[in-house]
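> Fold the following and give me the result.
(2 chains)
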Amino acid sequence: AQKITQTQPGMFVQEKEAVTLDCTYDTSDPSYGLFWYKQPSSGEMIFLIYQGSYDQQNATEGRYSLNFQKARKSANLVISASQLGDSAMYFCAMREGGYDMRFGAGTRLTVKP
Amino acid sequence: GAGVSQSPRYKVAKRGQDVALRCDPISGHVSLFWYQQALGQGPEFLTYFQNEAQLDKSGLPSDRFFAERPEGSVSTLKIQRTQQEDSAVYLCASSPWPDKDYEQYFGPGTRLTVT
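This next block holds a predicted model:
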């Protein structure tokens, strides 16, 4: 069964606008961590933001924030004030009690000038 | 400091050849992960090391895949008798601690093409 679902294969956003990338997850483990990574065309995976399942507040890192809705099992990434350099693949991932991290299929974000 | 490095960056192998992919994690990082990323997909977990101990190899797709980290630092992923379906980018990641709350730092990957 798919643990991480990213339903938007591609998204477009105008430069300087905000964009939300969707992520839903499936787990019965009460303790888990959620991550977002950016993968530019060069291929490296760049860590953006982390949310723990017991964290009371939504995580924020600069222009990135995570809209964590635990009851809905969603962890959407919000990018404010989009920049041309934000164009990339974005992956949502989850790590439960084990060692493996499960990734979604990704969303390709294109920022238009 | 230096990040995670991987070599070679690109590898072309004829079907049936053996390949070895190297990962140099960030110095002092306890955890090391290998992932396989097929074109247009998210990374898929292959195996996990805590220091020199391979604690999880549940993601290795067949017994042709073998990984080691003998001294708890550099790791090698070996694929024997490569098949076309092994063509993918192989990503290595390291993390300072085993705890799931820590992010993983990824290397640039090795793109393997099996012809």
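
> Might you list the low-confidence residue ranges for chain B?
Within chain B, the set of residues satisfying pLDDT under 70 comprises B:1, B:100.

> So which residue is dead centre in it?
Using Cα atoms, centre = their mean, the residue of chain B that lies closest to the mean C-alpha position is residue B:34, 3.2 Å off.

> Tell me how far it lies from residue A:41.
For residue B:34, the distance to residue A:41 equals 22 Å [Cβ to Cβ, to the nearest Å]. C-beta here means a position set from N, CA and C on the backbone, and glycine is covered the same way.

> you'd agree the residue nearest to the centre of chain B is up against residue B:69?
No - in this structure, residue B:34 sits apart from residue B:69 without contact. The criterion is Cβ atoms under 8 Å, and the distance is 9.8 Å.

> Surely the residue nearest to the centre of chain B is within a strand?
Yes - under DSSP: H, G, I helix; E, B strand; the rest coil, residue B:34 sits within a strand.

> Next up, the contacts around it.
If you count contacts by Cβ atoms under 8 Å, 6 or more residues apart in numbering or on different chains, residue B:34 has them with B:23, B:45-48, B:67, B:75, B:77, B:90-93.

> Around chain B, which positions in chain A sit nearby?
Residues of chain A found near chain B, taking Cβ under 8 Å from any Cβ of the partner chain as the criterion, are A:4, A:31-33, A:35, A:37, A:42-47, A:50, A:52, A:91, A:93, A:95-106.

> Buried only: go through these for me.
Buried residues within the residues of chain A next to chain B, counting neighbours by 16 or more other Cβ atoms under 10 Å in any protein chain shown: A:4, A:32-33, A:35, A:37, A:43-45, A:47, A:50, A:91, A:93, A:95-96, A:99-106.

> Tell me the buried residues in stretch B:50-57?
Within stretch B:50-57, the residues that count as buried by 16+ other Cβ under 10 Å are B:50, B:54, B:56-57.

> Show residues contacting it.
A:98-100, B:30-31, B:46-49, B:67-72, B:98.

> Mind doing that once more with 10 Å?
Taking Cβ atoms under 10 Å, 6 or more residues apart in numbering or on different chains as the criterion, the residues outside stretch B:50-57 that touch it are A:98-100, B:29-34, B:45-49, B:60, B:65-73, B:75, B:95, B:97-98.

> thought residue A:110 was touching residue A:8?
No - applying Cβ atoms under 10 Å as the test, residue A:110 and residue A:8 come out as separate, 11.7 Å apart.

> where do the strands sit along chain B?
For chain B, the strands identified by DSSP state E occupy B:5-7, B:10-13, B:19-24, B:31-37, B:44-50, B:53-56, B:65-68, B:75-79, B:88-95, B:105-106, B:110-114, in order along the chain.
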